[in-house]
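Peer 1: With the sequence up front, the predicted model follows.
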Amino acid sequence: MGKLAAVVKVAFFDKSYISLLVYPKEFDMIFLSFGNRNEMFIRSRSPNQEDFSGMYSEKEIRVQVRWMVRRDLPEVLDIEKQCFEFPWREEDFLHCLRQRNCIGMVAEYEGRVVGFMIYEVPKNRIHLLNIATHPEFRHRSVAAQMIRKLVGKLVNQRRTRIVMEIRETNLPALLFFRSQGFLATSILRNFYEEMHEDAYVMQYRLPVEQTEEAYSPLNRISDKIAG
């Protein structure tokens, strides 16, 4: 099996949790604990499954996270096809980005798009719809920099949380988002109908002190004076 890489607990709203025992090579061993009901199974790592884990980081690169424009779409589609078994089509991206509350951003490194994310901005939260990193640039902090950019928008846009859905078998993504401060809050049964898979709803919440700062009248007045 190889050397044990990590033990991660993903907490749920009802105080149950998932303990993940992760081995780095061809297999993942997962120990699930829901209250007093335990299960253990081993599954092979899917060759085309997006790997966000970042546990075996190579040298970190600094990327520019900027708005997505139309000319980025060919590179975005290429990344999408390399990362997902059921990739979005060009029409899916265009339909999404035409919506008033839907935003696309890319991570650019030396003139090349190496990652992207698509998110919605409902009234009090950010809903992350899609995120991926080019296989050649994984484990180099690209996805982490995109998430930090997203977290930075919470206070600026007076929102308090980021939510997203992750396939129950996408262990690398679960581990990555847990490392970024996300917690699992619920399970959506058969959310991915084409794969007959459930999804975990993952959520990042701003710390209380930052939430209070975001809604502080003093802050808003100060901003107007400074402007």
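Peer 2: Everything's here; your move.
Peer 1: Please report the distance of Cys83 from Ala132.
Peer 2: When distances are taken as C-beta to C-beta, to the nearest Å, Cys83 and Ala132 turn out to be 4 Å apart. Where you see a C-beta, it was placed from the backbone N, CA and C, and this is true even at glycine.
Peer 1: Name the residue in those two with the higher neighbour count.
Peer 2: When Cys83 and Ala132 are compared on other C-beta atoms under 10 Å, the one with more neighbours turns out to be Ala132, at 27 against 22.
Peer 1: Could you check stretch 179-190 and say which residues are buried?
Peer 2: With burial defined by 16 or more other C-beta atoms under 10 Å, the residues of stretch 179-190 counted as buried are Ser179, Gln180, Phe182, Leu183, Ala184, Thr185.
Peer 1: Quick check: of those residues, which lies closest to Lys123?
Peer 2: Checking the buried residues of stretch 179-190 against Lys123 by C-beta to C-beta gives Thr185 as the nearest, at 18.3 Å.
Peer 1: Next SSE downstream of the helix or strand harbouring that closest one?
Peer 2: Element membership of Thr185, judged by DSSP states H and E, is strand 183-192. Following strand 183-192 in sequence order, the next helix or strand is strand 197-205 (DSSP H and E).
Peer 1: what packs against that next one?
Peer 2: Contact partners of strand 197-205 among helices and strands, from 3 or more C-beta pairs under 8 Å, 6 or more residues apart in numbering; DSSP states H and E: strand 161-167, helix 171-179, strand 183-192.
Peer 1: Check which helices and strands the first one sits against.
Peer 2: It refers to strand 161-167. On a contact count with 3+ C-beta pairs under 8 Å, 6+ apart, strand 161-167 meets strand 125-133, helix 142-156, helix 171-179, strand 183-192, strand 197-205.
Peer 1: By mean pLDDT, flag the weakest helix or strand of the chain.
Peer 2: strand 37-44 (a mean of 34; mean pLDDT, DSSP states H and E).
Peer 1: I'd like the average pLDDT over stretch 112-120.
Peer 2: When pLDDT is averaged along stretch 112-120, the result is 98.
Peer 1: and that stretch, which residues are buried?
Peer 2: Val113, Val114, Gly115, Phe116, Met117, Ile118, Tyr119, Glu120.
Peer 1: Closest one of those residues to Gly104?
Peer 2: Proximity to Gly104 was ranked across the buried residues of stretch 112-120 by C-beta to C-beta; first place goes to Ile118, at 5.1 Å.
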